[in-house]
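Colleague: Let's see this in three dimensions:
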Amino acid sequence: MKVIAVLNQKGGSGKTTIATHLARALQKQGYSVLLVDSDPQGSARDWAAVDEENPVTVIGIDRPTIDRDLKSVAKKDFIVIDGAPQASDLAISATKAADFVLIPVQPSPYDIWATSDLVDLVKQRIELTDGKLQAAFVVSRAIKGTKIGAEISNALLGYELPVLETKITQRVIYPTSAASGTTVLDMEPSSEAAKEIDALASEIVNKFLSN
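Modeller: All right, here's what the predicted structure looks like:
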């Protein structure tokens, strides 16, 4: 069982969108998946409740015992944690539970600066686990046709964590699919949005979680 924590303590990073889509992409690739909503706002749970036929199982653990509570859930190939913003105790618990931390960052200098505390937390955990915990940034809500996505990737390298090649672009289909309790993978499976989500899941599994 591999645990992926999608964390960013700044709101608006696209964290829940990425967590829900990543869970569904892994599921469609043939893995058994559980999505854990650790945000007290319950956005992922609200998303799952919109459509009774939503194939992604979502549970809520919005207390700082995630690492312990996951030991009692049914074994899955992957658990994806939708992390809570601005809640350090929940972030600490999520990093303890995780094999891989994915940090979505919008292409904005403010968002880069705001990740510094989370990066420090993740690096401390990497050191404590002798490198067993892995982590990477993903550029989220990138605006297609602009250079800023590439510039942000270069700026993030200063944090000494990898930046994924896959970028998640800002597209209307993401909030549209969320409002229907589904994903772009189900609503428009041959779209560019679906391709980038599939690429994200494959890059994480192949580069970081293949062992």
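
Colleague: can we go C-alpha only for contacts and neighbour counts from here?
Modeller: Fine.

Colleague: So V36: helix, strand or coil?
Modeller: strand (DSSP: H, G, I helix; E, B strand; the rest coil).

Colleague: And for it, the neighbour number?
Modeller: 26 (other Cα atoms under 10 Å).

Colleague: correct me, but it touches I59?
Modeller: Yes. Counting by Cα atoms under 8 Å, I59 is a contact partner of V36 at 5.1 Å.

Colleague: Please point out which parts of the strand or helix carrying A194 sit buried.
Modeller: Assessed by DSSP states H and E, A194 sits inside helix 192-208. Neighbour-count burial for helix 192-208, counted by 16 or more other Cα atoms under 10 Å, picks out 193-194, 196-202, 204-205.

Colleague: Quick check: the two most widely separated of those residues?
Modeller: A193 and V205 (18.7 Å; Cα to Cα).

Colleague: now the helices for the protein?
Modeller: For the chain, helices defined by DSSP state H occupy the ranges 15-28, 43-50, 66-69, 88-97, 109-114, 116-128, 148-156, 173-179, 184-187, 192-208.

Colleague: closest one to M1 among the ones you listed?
Modeller: helix 88-97 (11.1 Å).

Colleague: other SSEs contacting the closest one?
Modeller: When contacts are defined as 3 or more Cα pairs under 8 Å, 6 or more residues apart in numbering; DSSP states H and E, helix 88-97 packs onto strand 2-6, helix 66-69, helix 116-128.
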